[in-house]
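Enquirer: dropping the sequence and predicted coords here.
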Amino acid sequence: MRTTPATWVEADSWLDVLHHRGYLHRVETEPDGTRTVQRSENSRTWTLHHPVLALDFVADLVREIRQHDAKANR
């Protein structure tokens with residue numbers, strides 16, 4: 001359980017790591033402060049309007065990566 005509110009600094013750190021490791025094709029910060037992310041070149045673009053939404057997106061992606069890695073290691 002979180003004891004502090006989510007921030008863009010935290011969300012941006014996660015998005016940056018996932019992008020540099022190749023799990024995200026594109027991550028952009030829009031002029032209005034939202035983040036636009038894309039999993040692959042041909043996938044749907046997601047707009048994240050709040051850091052909590054960004055961290056939810058990250059959590060889902062990390063969960064998917066872990067499941068995929070677990071299946072690959074069997």
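Expert: Cool, got the structure. None of the values given here were measured: they were computed from a predicted structure.
Enquirer: quick check, central residue of this structure?
Expert: residue 58 (3.6 Å; Cα atoms, centre = their mean).
Enquirer: neighbours of the residue lying closest to that one once chain neighbours are set aside, how many?
Expert: Once flanking residues are discounted, residue 58 sits nearest to residue 14: 4.4 Å by Cβ to Cβ, 6 or more residues apart in numbering. From N, CA and C alone the C-beta is placed, and that goes for glycine too. By the criterion of other Cβ atoms under 10 Å, residue 14 has 16 neighbours.
Enquirer: you'd agree residue 14 is up against residue 56?
Expert: No. The pair residue 14 / residue 56 is not scored as a contact, 11.0 Å apart, by Cβ atoms under 8 Å.
Enquirer: where do the helices sit along the chain?
Expert: All helices of the chain, identified by DSSP state H, fall at 8-20, 51-72.
Enquirer: so which residues make contact with the longest one?
Expert: Meaning helix 51-72. Where contact means Cβ atoms under 8 Å, 6 or more residues apart in numbering, the residues beyond helix 51-72 that reach it are 5-8, 10-12, 14-15, 18, 23-24, 35, 37, 39, 46, 48.
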